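Undergrad: The sequence isn't on hand, but the structure is:
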């Protein structure tokens, strides 16, 4: 496979320090022609689940042959393995802590290697910054065309990630809020196909906290500002949103953080 | 016109999610040589006015042939049109909601087209993310040299934007705070030419809230830390600033947000 | 020396406005092939010390021939000089306010010039935005291969920066917290060599505020979540951290901001 020359970069490093720039310096020292595209560096500190969701939504919009560097690595310097993954003609580089599980789980033909060939690393390896010392150099080499199998031996037992999955019980589709985005939209784990199959020709009634919403809107701006709506978001997941406002700040969602809150869908006909 | 190969990108998407990276992935899939430069992604949610001000200040510092992608789009998926604009040998792509009005208004020879040629879009168009599905692909094609007129029919009635303009009344020049920047500087709508013409050879007395400032300073650091000053900022607009501090946090500006507050300039001689 | 074509960019401009994008537009107008890499734009407003620390940690990870543009410039428009520095086959461009002092101080063979050749500037120079009008154009020209000595006359008296240095007194190694990073880690001014020489074969006891920590951990994740640890960070400086938490928010660090707090190291044997 020809590399696209693009390396995407996702982390929880934030933007206040020099860490993101340092990783890019290391990449460009090895591969001066690499084109580095930030996905985000504002994953909540150590949240593998958030990192996995954002990466899963973003990677397939890039050209084939792209290398996706993802470093949310609370176990840096411990026994967790550094890995690289090849799936669907894309590469992924980072810690084996479940971050790539949604991709590995979905594409059983994924190839995974344990990164242990130190001549592809920086010459000095710290215990605290493998993004700089291991993952950045490996991503840079992959983007120059180094073959996956040269980077280390294949592994078959990558770490998995426990992701909340919606279920159907007693005429109810039971999901949860898995992310709150920049706009305050509450993104659930209910996929479009699951919802459509569940609803058939019935209209949806959606409940979260004290709120209930009837029907699925088509887009954010089609109603009056401030109104709570449910709609299929751009990632193909059911969202709760507020027209020109922030659903994450609504009253009626209990005290504090709506992350993880139950979202229940029923069919208009079944609903009492 | 030869494209510069540069695409600037301004939005209200924030940096926490994958949305900015996804748009860049779509661009690079179409135009692998595009050079994408972020203007900002922290426009307040849905604020077309802020987006228009920031874009107006930034675009002309880029080389001719640059494509400016600007997506602050509270009406996404509704009847508002997607457009592209050519003005002063630059291109602009985004929603027809007034975002480009300051540019269109200033350059009457601007050419505007309604983007309706779907083979320049992504094959699936969502109702909620036209930045990804329509505007990014069109910007990528423009940056490869596709001619504006191929993208859709010309339109003559673009949406306008109501921008507060200063006025002169009873020996007073009456303006307003239109933006507060990262440094807490209060940026007004009073342009250098307007101010100089109003003042003639007199010294300025500037009033905002309970504060009054005498004279126009040359730069931020020429006075004592903490002192309130007025000066001509780098965008050619009158600013209220605090030496090494934040004017936006001053007492004497009423309760809360100074955005939109009246700023009054009088001539020292006329002032009592 | 051949330029690498890379320009790094560090500032206190923030990301909300168009200032960072404008600087990049100016660079690309002069040097369309420049590759611009952000270090950070979130240096606290006017903090030359923070800028110097972040730059000092980051620059040497980039290839030789890289130009480092650094604009934290509270004295813009005053008598402080604009300068360029060549050290260790890297270039540095910005204000002469101490920002580059750690580099100049460490490499006595550094060459420094006073930027006064206006044909390398923008044609109009504001009093408030030399990042755009002087430093960006000079960085762009250096990255095309313009020789340092063409940019202005050499100077021998650059501004210095007062940096707190650890000292040894009565069997104690006395340091201070000089930065708090994105993860809330407290970064001290105690370098690895200094610590190892002081400790010899003894174990360390570290005190900050009401806390005391025994021993130097190897990495963040090797202990129980919430536990306070001391370790050598990736910049080679002693850090106080909390496993999966934020040391900056700990009780026992006195009221408020731990920046500048004393950090004391003693040898286990000496400690009573």
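TA: Perfect, thanks for sending it. Bear in mind that the values here come from a model prediction, so they are computed numbers and not experimental data.

Undergrad: Pairing-wise in the sheet, spell out the partners of residue A:238.
TA: Note on residue A:238: beta-bridge partners by DSSP bridges are residue A:232.

Undergrad: from what I can see it touches residue A:193, true?
TA: No. With contacts counted by CB atoms under 8 Å, residue A:238 stays clear of residue A:193, the gap being 11.2 Å. C-beta coordinates here come from the backbone N, C-alpha and C atoms, glycine included.

Undergrad: higher neighbour count, these two?
TA: More crowded of residue A:238 and residue A:193, by other CB atoms under 10 Å in any protein chain shown: residue A:238, with 26 against 9.

Undergrad: show me what contacts the closest residue to chain B within the stretch 51-200 of chain A?
TA: Minimum separation of the stretch 51-200 of chain A from chain B (CB to the nearest CB) falls at residue A:182, amounting to 3.1 Å. Contact analysis of residue A:182 by CB atoms under 8 Å, 6 or more residues apart in numbering or on different chains lists B:13, B:14, B:15, B:16, B:17, B:19.

Undergrad: Now name the helix or strand holding it.
TA: Using DSSP states H and E, residue A:182 sits in no helix or strand.

Undergrad: what does residue A:92 give?
TA: Using DSSP H and E, the element containing residue A:92 is strand A:90-95.

Undergrad: what's that strand packed up against?
TA: The contact analysis (3 or more CB pairs under 8 Å, 6 or more residues apart in numbering or on different chains; DSSP states H and E) places strand A:90-95 against strand A:67-71, strand A:82-87, helix A:136-144.

Undergrad: winner for burial among these?
TA: Most buried of the helices and strands packed on strand A:90-95, by mean neighbour count (mean count of other CB atoms under 10 Å in any protein chain shown): strand A:67-71, with a mean of 28.

Undergrad: does chain B sit close to it?
TA: No. Using CB under 8 Å from any CB of the partner chain, strand A:67-71 stays clear of chain B, coming no nearer than 10.0 Å.

Undergrad: Each with direction, which strands does that strand pair with?
TA: Here strand A:67-71 has these sheet partners by DSSP bridges: strand A:6-11 (parallel), strand A:90-95 (parallel).

Undergrad: re the thing from before, how about a markdown table for the helices and strands packed on strand A:90-95, with distance to residue C:69 and mean pLDDT added?
TA: Shown next, in a markdown table, are those (distance: least, CB to CB, whole Å; pLDDT from 0 to 100):
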| stretch | distance to residue C:69 | mean pLDDT |
| --- | --- | --- |
| strand A:67-71 | 25 | 98 |
| strand A:82-87 | 33 | 98 |
| helix A:136-144 | 22 | 98 |
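
Undergrad: Serialize the ones you listed to a markdown table and add fields for distance to residue A:38.
TA: What follows is the helices and strands packed on strand A:90-95, written out as a markdown table (distance: least, CB to CB, whole Å):
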| stretch | distance to residue A:38 |
| --- | --- |
| strand A:67-71 | 10 |
| strand A:82-87 | 20 |
| helix A:136-144 | 13 |
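
Undergrad: quick one, what contacts residue A:214?
TA: A:203, A:204, A:205, A:206, A:268.

Undergrad: and if we set it to 6 Å?
TA: Residue A:214 sits next to residue A:205 when contact means CB atoms under 6 Å, 6 or more residues apart in numbering or on different chains.

Undergrad: Can you pull the phi/psi pair for it?
TA: Main-chain dihedrals, residue A:214, degrees, to the nearest 10: phi -110, psi 130.

Undergrad: how close does it get to chain B?
TA: Look at residue A:214 and chain B: by CB to the nearest CB, to the nearest Å, they are 19 Å apart.

Undergrad: Report pLDDT for that residue.
TA: Looking at residue A:214, its pLDDT stands at 95.

Undergrad: How about it: which residues does it bridge to?
TA: Applying DSSP bridges, one finds that residue A:214 bridges with residue A:205.

Undergrad: Tell me the residue of the stretch 151-272 of chain A that sits nearest chain C?
TA: Residue nearest to chain C within the stretch 151-272 of chain A (CB to the nearest CB): residue A:182, separated by 13.0 Å.

Undergrad: can you tell me how far that residue sits from residue A:85?
TA: Distance of residue A:182 to residue A:85, computed by CB to CB, to the nearest Å: 28 Å.

Undergrad: Likewise for residue A:53?
TA: Separation of residue A:53 from residue A:85 (CB to CB) stands at 17 Å.

Undergrad: how about residue A:105, secondary structure?
TA: Following DSSP: H, G, I helix; E, B strand; the rest coil, the label given to residue A:105 is helix.

Undergrad: helices and strands around the longest strand belonging to chain A, which ones?
TA: Using DSSP state E to define each element, chain A has its longest strand at strand A:172-180. Helices and strands touching strand A:172-180, by 3 or more CB pairs under 6 Å, 6 or more residues apart in numbering or on different chains; DSSP states H and E, are strand A:186-191, strand A:262-267.

Undergrad: which of these is buried the deepest?
TA: Stretch with highest mean neighbour count among those: strand A:186-191 (a mean of 23; mean count of other CB under 10 Å).

Undergrad: And the next helix or strand after that strand, how far out from the chain middle?
TA: Downstream of strand A:186-191, the first helix or strand assigned by DSSP H and E is helix A:192-199. Relative to the centre of its chain, helix A:192-199 is centred 22 Å away, using CA atoms, centre = their mean, to the nearest Å.
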